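[1] Okay, predicted coordinates and the sequence, questions at the end:
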Amino acid sequence: MLLEVNNLNIEFYDHDLPERVVNDLNMKLDEGEILGIVGESGSGKSMTAMAIAGLLKRHDMKTEGEILFEGEELLHAKRDTLRQYQGNEISIVFQEPMTSLNPVKRIGWQVEESLRIHRPDLDSSERYRRAIEALRDVELDQPELIYKKYPHELSGGMRQRVMIASAMICEPKLLIADEPTTALDVTIQLQIVKLLQRLNREKHTTILFISHDLSLVRRLCSRIIVMQNGIVVETGTTEDIFHNPVQEYTRMLINAIPKLEKPVI
Ligand SMILES: Nc1ncnc2c1ncn2[C@@H]1O[C@H](COP(=O)(O)OP(=O)(O)O)[C@@H](O)[C@H]1O
Ligand SMILES: [Mg+2]
C-alpha cells in the first residue's frame, strides 16, 4: 500500500458558517496503480489532491483524519517533514502550466528546481544531464534547445510536458495530476494521457489522475473514485463503474461523455 487516506475532512472557516468541502473521504492507492478521481466542478477533487500533496496548511481551514504515505502520517505533519516529500516522493501537476511556471526563468532552471532542493549532492553538470533526460522522457524533441527557452516560447502542450518533467525529475513514487489536460486541445489531451501511461509503465510511478473527463479517465485508470459535494459516492474498477454504475450521479457523468469520444474497450 503506497497511500491510505482515512476519514479525511476538510472545512473552510473564512465565511460565517464553516463549509465542509471534503467529507469523510477514504481511499487507498497501491504501488504502481493509476487511480482516477472524477466528479463535477466543486466536488472536492482538488482539495483532496492538495491535502495529499501537503499543500493545505492554511489558517482558514481545518483538516481531520489521516493521510498515510508508506505508513507515515502526512496530514498533520510539520512543514519541514512535508517539504522532504514535496517534489521528491510526491509531486503534483496542475491544470494551467502557465501559472505554475515562472515566466522569467528558463525551462531548464525550473525543471532542475526539485533537484536543487532534494539532491544538493549533485553538481550542476549532473543536474543538467538529468534535466535533459527528464525533458526527453516527456517526449520533447531537442531537449537541449527547450532547456534554454522561456515558458512563453512553448505551446500549451509543451508547457504541460515541462511541468511533468519537473514533477518527475526526482522520480517520485506518487504523481498527482489534477486536471492536467483540461486547458489543452483534444489531440494534445490524448498525448498527455499516453505519456502518463508510459511513465507509469516504465518508471512504475503511481498516479492519481483527477479529471472531470470520464473518457480520459477510462483510458488511463484501473480504478475510479466518484465524488459529489465532497463525498465519495461510488468507487470501483473502471470496468464496474462504466458497465454497472450504481449511482444515478455516476450514470449522469457517463452520459455526459460526447458519444464520439467514448473509447471502445
Ligand atoms: N477559499 C475557499 N473558501 C471556501 N470554499 C472554498 C475555498 N476554496 C475552494 N472552496 C470550495 O471547496 C469546494 C471544493 O473545491 P475543489 O476541491 O477545488 O473542487 P474540484 O477540484 O472538484 O472542482 C468547492 O465548493 C469550492 O467552492
Ligand atoms: Mg479542481
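    Perfect, thanks for sending it. This structure is a prediction, so every number in the text was calculated from the model and none was measured. Ligands and ions are numbered 1, 2, ... in the order given.
[2] helix or strand for residue 5, which one?
    Taking DSSP states H and E as the definition, residue 5 sits inside strand 3-12.
[3] and the residue of the stretch 1-150 of the chain found nearest ligand 2, what is it in contact with?
    Among the residues of the stretch 1-150 of the chain, residue 46 lies closest to ligand 2, at 3.2 Å counting by Cβ to the ion. In short, each C-beta sits where N, CA and C put it, glycine included. Counting by Cβ atoms under 8 Å, 6 or more residues apart in numbering, residue 46 touches 178, 179, 210.
[4] cool, and residue 241?
    224, 226, 234, 250, 254.
[5] And the strand or helix carrying residue 146, what's buried?
    Using DSSP H and E, residue 146 sits in helix 143-147. Within helix 143-147, the residues that qualify as buried by neighbour count (16 or more other Cβ atoms under 10 Å) are 143, 146, 147.
[6] so where do the strands sit in the chain?
    Taking DSSP state E as the criterion, the chain carries its strands at 3-12, 19-29, 34-38, 61-69, 72-73, 90-93, 174-178, 206-210, 223-228, 231-237.
[7] Out of the ones you listed, the one nearest residue 135 is which?
    For the strands of the chain, the distance to residue 135 is smallest for strand 90-93, at 14.9 Å, taking Cβ to Cβ.
[8] Would you mind writing the CA trace of the longest helix along the chain as PDB?
    In the chain, with assignment by DSSP state H, the single longest helix is helix 186-203. Extracted in PDB, the C-alpha atoms of helix 186-203 (Å, rounded to 0.1, in the frame of the first residue of the first chain):
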ATOM      1  CA  VAL A 186      -8.400  17.100 -27.500                       C
ATOM      2  CA  THR A 187      -5.500  15.600 -29.500                       C
ATOM      3  CA  ILE A 188      -2.900  17.000 -27.000                       C
ATOM      4  CA  GLN A 189      -5.000  15.700 -24.100                       C
ATOM      5  CA  LEU A 190      -4.700  12.200 -25.600                       C
ATOM      6  CA  GLN A 191      -1.000  12.600 -26.000                       C
ATOM      7  CA  ILE A 192      -0.600  13.600 -22.400                       C
ATOM      8  CA  VAL A 193      -2.700  10.700 -21.200                       C
ATOM      9  CA  LYS A 194      -0.500   8.300 -23.300                       C
ATOM     10  CA  LEU A 195       2.600   9.900 -21.800                       C
ATOM     11  CA  LEU A 196       1.300   9.400 -18.200                       C
ATOM     12  CA  GLN A 197       0.500   5.800 -19.100                       C
ATOM     13  CA  ARG A 198       4.100   5.300 -20.400                       C
ATOM     14  CA  LEU A 199       5.700   6.900 -17.300                       C
ATOM     15  CA  ASN A 200       3.600   4.600 -15.100                       C
ATOM     16  CA  ARG A 201       4.600   1.500 -17.100                       C
ATOM     17  CA  GLU A 202       8.300   2.300 -17.500                       C
ATOM     18  CA  LYS A 203       9.100   4.100 -14.200                       C
END
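[9] between it and strand 34-38, how many degrees?
    Helix 186-203 runs at 140 degrees relative to strand 34-38, counting by axes from the mean of the first three to the mean of the last three Cα atoms, to 10 degrees.
[10] Show me what helix 186-203 packs onto, helices and strands only.
    strand 34-38, helix 156-168, strand 174-178, strand 206-210, helix 214-220 (3 or more Cβ pairs under 8 Å, 6 or more residues apart in numbering; DSSP states H and E).
[11] Ok, which of those comes nearest residue 116?
    With respect to residue 116, and counting by Cβ to Cβ, the nearest of these is helix 156-168 at 11.5 Å.
[12] I'd like the strands of the chain as a markdown table, with mean pLDDT, mean neighbour count and distance to ligand 1 appended.
    Putting the strands of the chain into a markdown table (pLDDT from 0 to 100; neighbours: other Cβ atoms under 10 Å; distance: least, Cβ to the nearest ligand atom, whole Å) gives the following:
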| stretch | mean pLDDT | mean neighbour count | distance to ligand 1 |
| --- | --- | --- | --- |
| strand 3-12 | 96 | 18 | 4 |
| strand 19-29 | 96 | 18 | 3 |
| strand 34-38 | 98 | 25 | 8 |
| strand 61-69 | 95 | 17 | 8 |
| strand 72-73 | 97 | 12 | 22 |
| strand 90-93 | 96 | 25 | 13 |
| strand 174-178 | 97 | 24 | 7 |
| strand 206-210 | 98 | 24 | 7 |
| strand 223-228 | 97 | 23 | 7 |
| strand 231-237 | 97 | 17 | 11 |
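[13] If anything else comes up later, I'll come back, but that's it for now.
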